[in-house]
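Q: the following comprises the amino acid sequence and a computationally predicted model.
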Amino acid sequence: MFNKRTTVVLLAGLLLLGLAVALIVGQAAFAQGETLLQLSDLPEGAMDLKDGAYEEDEASHPLNSHELSTLRQLPEGEQQAIFSYKKVRSFSAFVPSKEAVVAEFTYEYATAEQAGAAVQILQEKWIPDGKAEVLTSEPLQGGGLSGRVFTMRDGDGYPLYWFVGSEGKTLMLVIVNGLEQPGVDALADGVIERVAEK
């Protein structure tokens, strides 16, 4: 039976082989094809896992409309508000020194109002892992970006951080998940700081 450490290493290996199940967000000033986070923002040795575009119903990005998505537990009108995005892009990396994965996803909506409405629903009602425990929720603003940072424990009791926010017509998700609390805390602090600065 795999332990958490083995699972994270195997996940990173699968992603590197192109069999990815992606994890998180972004675009700086949200220019087409650019992500907010870059590999250079992460500790030395970080490995690029996955970037590019997704289809709406691909199960490998968080706000997918696949029939097994946990978002299907929300009322139909709220599902439609979230699934009304036009494009999805991502960046993700494995950080061996922290035994953690950092991911960023950006979702482009037709209007800023649509992006803002989706963010509000996600912040108030959605926990991506139904077994996760939310510990804190803090506002974050930087430039035109605004949202909230959620500190959680995942279903196995390991540290998990989510940022959910928007800038203009773009919704952002940033995720940090790993094994050891001190290392993941420091990594998440650095990632969130970079998001706020950009």
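A: Here it is on my side, so go on. Residues are numbered from 1 along each chain as shown.

Q: tell me where the chain has helices.
A: 4-16, 76-82, 112-125, 181-197 (DSSP state H).

Q: pull the number of nearby residues for the closest residue to residue 41 other than its chain neighbours.
A: Nearest residue to residue 41, sequence neighbours excluded (Cβ to Cβ, 6 or more residues apart in numbering): residue 194, at 4.8 Å. C-beta here means a position set from N, CA and C on the backbone, and glycine is covered the same way. Residue 194 is flanked by 17 other residues according to other Cβ atoms under 10 Å.

Q: wait, residue 194 sits on residue 43?
A: No. Residue 194 is beyond contact range of residue 43, at 11.9 Å (criterion: Cβ atoms under 8 Å).

Q: for residue 127, report the pLDDT, please.
A: Per-residue pLDDT puts residue 127 at 68.

Q: for residue 100, that is, sorry about that
A: 94.

Q: from residue 107, how far out is it?
A: 23 Å (Cβ to Cβ, to the nearest Å).

Q: where exactly do the strands run in the chain?
A: Here the chain has its strands, by DSSP state E, at 47-53, 87-95, 100-108, 133-142, 145-153, 159-167, 170-178.

Q: tilt between the fifth one and strand 133-142?
A: Which is strand 145-153. For strand 145-153 against strand 133-142, the angle by axes from the mean of the first three to the mean of the last three Cα atoms, to 10 degrees is 160 degrees.

Q: what does strand 145-153 contact?
A: 119, 123, 127, 129, 132-141, 159-167, 172, 188, 192, 195-196, 198 (Cβ atoms under 8 Å, 6 or more residues apart in numbering).

Q: right, and the helices of the chain - which one's nearest residue 62?
A: helix 112-125 (9.2 Å; Cβ to Cβ).

Q: the closest one packs against which elements?
A: Under the contact criterion of 3 or more Cβ pairs under 8 Å, 6 or more residues apart in numbering; DSSP states H and E, helix 112-125 touches helix 76-82, strand 145-153, strand 159-167, strand 170-178.

Q: below-threshold pLDDT in this protein: ranges please.
A: Applying pLDDT under 70 to the chain picks out residues 1-35, 50-59, 127-130, 198.

Q: and residue 86, how far from residue 92?
A: Going from residue 86 to residue 92 by Cβ to Cβ gives 21 Å.
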